[in-house]
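Visitor: here is a sequence together with a model predicted from it:
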Amino acid sequence: MNSEYLVEVKDLKKWFPVRRDFSQVIKKERKFVKAVDGVSFGIKKGEIFALIGESGCGKTTTAKMIMKLHEATAGQLIFENNDVTNVDKKRLLEYRKEVQMIFQDPYASMNPRFKVRDVLEEPLLIHKLYADRDERLEKMKDGLSKVKITPPEEFLERYPHMLSGGQRQRIATARSLMLSPKLVVMDEPVSMIDLSTRAEILYMLKELKNEMDLTYLYITHDLSTARYFTDRIAVMYLGKVVEMGTPEQIIDNSLHPYTKALIAAVCEPKSGKVNIVKEVPIKGEIPSAANIPQGCRFHPRCPYAKPSCISNPEPKLIEHNNDHFVACDRYKEI
Amino acid sequence: MFKDLKYKLNEFWSEFRKVKSGVVGLVFLIIFILMIIFEPLISPFPEAGKRWRDITYWEDNSKSAPPVWTNLFTSKKYARSETLTAPIENVTDNGRVKITEYEFDYDYKADRPPGDIIFRTEATGNLLFITEIIRPDGETVSITRNNYNFSKPSNVRIALSNDSKNGAYELATKFDKENTLSIPKQSIDGFNILFSKVQENMASTHDPLKGTYKIKIRILNPGSTGVLENPRVIVSGSVSGILGTDNSKRDIWSGIVAGVKWAMLIGLLTSALSVAIGVIYGVISAYLGGFADSLLQRIYEIFVSMPVLPVLIVLGAVFKPSIWIMIIIMCVFFWTGPVKTVRSIGLQIKEETYIEASKAIGASNTRIIFKHMIPLLIPYSFASMALSVPSAIVYEATISMLGLGDPSITSWGQILQDANSAGAVIQGLWWWVVPPGLMISLVGMTFAFIGFAMDKILLPKLKTR
């Protein structure tokens, strides 16, 4: 096994069964929504790894499988060289201590009836850390000052609805760090926060990473923050990784037509360009994951698609150069 | 913490005040609670609850007497209850026999004679009691002769009504021999004749003879060793108490007052227990989902589709009828009430991100259910508790009404059952039937009003109703 990775997923799949009607049951027809359809990547220790893609491409499902909130249909999840795909209750609790998550919506990720104190205390109580009440309080205050919530004493007694979005996301961060995890999965942590505070939060997260020796899995649809924030990027399309590499490789030197389209779609707030609505090279919506196109799954929307893209088997993720992977048969031609 | 609670209660109250029916319900609830607290003060028979089935406790009342206030609505007034003390005492002792004479003055102003006249005293020794009544027109009617021999102080109770037949018959034959002899002696009512004017046909038609009656008790005590203490005469009126009496001479009002606490206990305990079980069951079902959910829902459906009353009757007949067993049996059926609603609310809560977040931290199912989900359901639980109180009370009353109730308590259902088996409705004893029935519906209404009000406040979607 490759020990350079803290966490590694191998051909991870999540298929949700579709409710069948009676005739389908009789015919033993089974249909699945293939939310994640064979994803492989590894995250090195101390790295910030980004998963990028449109909504519905399976990036959140992948994150939830890594969090073990969803059971994987197939594939392997390896954490610190141990297979944790199927674990018993005790191991799961240990795993949860090591891997934490920050959710997209800071308004929904905290029980509205819990005070900040209760929110932060919950992980400590569950994992039975610090039996002493004062010790716990000290730890909570410490956690709050780490995420730059000051003065901590004042915030402990507040309810989530009394806080701003940025403050909530800081507290959600503090909660995920209470257990000193090794990996933090962040599901679009800044997408619901005011633009003005985004950079601040991301800066804080980066600082915390260095301070606490963390590894991040950063899930986003926002290329610009990914470039600013991450060490490596994987681009997902319809349940599969189509391109993977460093931000420079992905953004400045993209190979896959889908990645190119994503980059082209980013707005640039530069004078003179503001009023130009960009023409996006790809058309249409992402197809349903219950009905994945034959051949290359991107072909219905690909501007460069040829009949061979449909008839050939699905392209594999191959190394272009220097840890830059791409899943397109014709990337050299385009 | 305390401040928070106070604030929330204040907020709740200011909302609650706006719902009129809720306030009415609350006023009634306070009245009922006050009735429980001040039971010894407002009940003329404070031990009614404990000694409901003890006939000696009630023996000085008259049978089936209507309430006192019915006198306001009739032209012929009934005699009211009185206790006569301080008689004129007259003692002669000739060495061999001591004769004590008590003379009580009873001022009869009503149109209908009292139910009974009872002489009571505490006595020791060998005693012969001779009682007679001297009417305002001077006629003397002797009533009883009773001989007692007590070695230690004992209660003497001499009731005159039943024994007055002989004297009254003699009186009637003295003045109207012809008509009286045509009537069998056993069928006359002694007091009716005793308290009527002397006239033709006096054995069957009664015109009240008002005035002062002297009740004279002569006690002969050979050997002069007897002791008599605290002699008194109790006139038990033909109207009695706030709500009259039943045919076992029990005071209905005292029974009603004693029944309040049982109704409250049955209602509140049953609803609290069953709602708690139902809410936890519903949440667990919603949270677990999948196969467990289906299984729990099928079990729930079995309980829902079982008819409660027949099962209650059978179980009531099998087990020793005790109030606690009855509460448990009712809980076994009533917990189904909130399940469906709670499950649907639970399905909603379960999908919240904070539940997922909590799972990601490592929270156990128990923790998620009890810390995250149930607190959100507490308002609903209170409303549904209030709404299920009436049915518990009605069911207890039904079971008692069928004669399967707990004989060690006094509940309204049991009063109704007694009334039913005594044929109270046919005899026109409405004061025996209406008050307990009314109380059952009043308590039901109280909690229904409070429940509706809480529903409206706590589940704002219903506000338009």
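Guide: Done, it's in. Numbers count the residues shown, from 1 in each chain, chains lettered A, B, ... in the order given.
Visitor: what about the closest residue to residue A:180 other than its chain neighbours, how many residues nearby?
Guide: With Cβ to Cβ, 6 or more residues apart in numbering or on different chains as the criterion, residue A:180 has its nearest non-adjacent residue at 6.8 Å, and that residue is residue A:212. C-beta coordinates here come from the backbone N, C-alpha and C atoms, glycine included. If you count neighbours by other Cβ atoms under 10 Å in any protein chain shown, residue A:212 ends up with 13.
Visitor: cool, the one 4 residues further on as well?
Guide: The number of residues packed around residue A:216, counting by other Cβ under 10 Å, is 24.
Visitor: neighbouring strands for the helix or strand hosting it, and are they parallel or not?
Guide: Here residue A:216 is covered by strand A:215-220, with elements defined by DSSP states H and E. In its sheet, strand A:215-220 lies beside strand A:48-52 (parallel), strand A:183-187 (parallel), with partners assigned from DSSP bridges.
Visitor: please name the nearest non-neighbouring residue to residue 150.
Guide: Let's take chain A. Closest to residue A:150 by Cβ to Cβ, 6+ apart is residue A:144, at 7.6 Å.
Visitor: ah, no, chain B please
Guide: Per Cβ to Cβ, 6+ apart, closest to residue B:150 is residue B:124, 5.0 Å.
Visitor: in the stretch 101-250 of chain A, where is pLDDT below threshold?
Guide: Residues of the stretch 101-250 of chain A meeting the criterion pLDDT under 70: none.
Visitor: and the strands in it?
Guide: With DSSP state E, counting those that start in this stretch as the criterion, the stretch 101-250 of chain A has strands at A:183-187, A:215-220, A:232-237, A:240-245.
Visitor: got the ones you listed as TSV, with distance to residue B:70 columns?
Guide: TSV is the format used below for the strands of the stretch 101-250 of chain A (distance: least, Cβ to Cβ, whole Å):
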stretch	distance to residue B:70
strand A:183-187	78
strand A:215-220	83
strand A:232-237	88
strand A:240-245	91
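Visitor: which residues of the stretch 201-334 of chain A lie near chain B?
Guide: Counting by Cβ under 8 Å from any Cβ of the partner chain, the stretch 201-334 of chain A comes close to chain B at no residue.
Visitor: gap between residue B:379 and chain A?
Guide: 11 Å (Cβ to the nearest Cβ, to the nearest Å).
Visitor: for that residue, give me phi and psi.
Guide: Dihedral angles of residue B:379 (phi, psi; degrees, to the nearest 10) stand at phi -60, psi -50.
Visitor: by proximity to chain A, which residue of the stretch 201-350 of chain B wins?
Guide: Using Cβ to the nearest Cβ, residue B:349 is the residue of the stretch 201-350 of chain B that sits closest to chain A, at 9.7 Å.
Visitor: isn't residue A:237 up against residue A:55?
Guide: No - assessed by Cβ atoms under 8 Å, residue A:237 is found out of contact with residue A:55, at 11.9 Å.
Visitor: next, the nearest residue to residue A:224 once chain neighbours are set aside: secondary structure please.
Guide: Distances taken as Cβ to Cβ, 6+ apart put residue A:266 closest to residue A:224, at 6.2 Å, once the chain neighbours are dropped. With DSSP: H, G, I helix; E, B strand; the rest coil as the basis, residue A:266 sits in coil.
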